[in-house]
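Provide a 3D model corresponding to the input given below.
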Amino acid sequence: MSTIFTRIINREIPAEILYETPNVISIIDIMPIHYGHALVIPKKEYRTFVDVPEEEVGELMRAAHKVATALVKTFDLQGYNFFSNNGEVAGQSVFHFHIHVTPRYPNDDISFHLNLKKYADGQMKEVADRIRANIR
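Numbering: from 1, shown residues only. Here you go, the predicted model:
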């Protein structure tokens with residue numbers, strides 16, 4: 001499943017590396033939403049977030065925290081987005097899990113258009129019960 005990220009990790013193609021550990025790498029996104037837009041990537045190839053072994057999530061989140069903190073300090077940010085697209089239907093285009101951390105600015109004309117829903121009476125508990133049954 002070799003992806004562009006694996007090629008970057010293996011130093012086959014260049015990238016601006018922000019942070020690196022033996023298991024995680026953070027790079028500048030080549031197609032940024034805003035300058036400084038960073039990606040945090042496990043070095044092992046996992047397709048989506050749920051494919052990342054639970055014992056590896058902590059290091060990934062610590063790296064994302066370091067990068068987000070650096071972005072806030074560097075650009076004196078009032079806000080940033082922290083997100084991941086998982087699966088083609090969610091907009092994932094590189095099928096090697098990664099987290100986006102991107103600066104946000106007032107009036108930057110970027111928005112997520114949501115069609116928020118409301119639960120019918122009792123439906124929220126029903127949905128929560130179904131989810132709880134699958135949490136280990």
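
What is the neighbour count of I25?
21 (other CB atoms under 10 Å). (Glycine included, C-beta is placed from N, CA and C.)

before we move on, what SS does the closest residue in space to it that isn't next to it in sequence have?
Closest residue in space to I25, ignoring its immediate chain neighbours: I41 at 5.3 Å, by CB to CB, 6 or more residues apart in numbering. Secondary structure, DSSP: H, G, I helix; E, B strand; the rest coil: I41 is strand.

Please tell me how far I41 sits from D121.
The gap separating I41 from D121 is 43 Å, by CB to CB, to the nearest Å.

Which of those two has more residues huddled nearby?
I41 (24 against 6).

you'd agree the more buried one is up against D29?
No. Taking contacts as CB atoms under 8 Å, I41 lies outside contact range of D29: 10.7 Å.

in this structure, which ranges drop under the pLDDT threshold?
1 (pLDDT under 70).

Do you have the helices of it handy? List them.
For the chain, the helices defined by DSSP state H cover 4-9, 54-75, 123-132.

Let me see the residues that make contact with the second one.
Counting by CB atoms under 8 Å, 6 or more residues apart in numbering, helix 54-75 makes contact with 18-19, 21, 23-24, 26, 36, 38, 40, 42, 44, 52, 77, 80, 82, 99, 101, 103, all of which sit outside it.

Provide a list of residues in contact with I13.
With CB under 8 Å, 6+ apart, I13 has these contacts: I4, R7.

Quick check: the gap between the residue nearest to I25 and I28.
On the measure of CB to CB, I41 and I28 end up 12 Å apart.

same question, G122
48 Å.

When those two are compared, which one has more neighbours?
Taking neighbours as other CB under 10 Å, G122 and I28 compare with I28 leading, 14 against 8.
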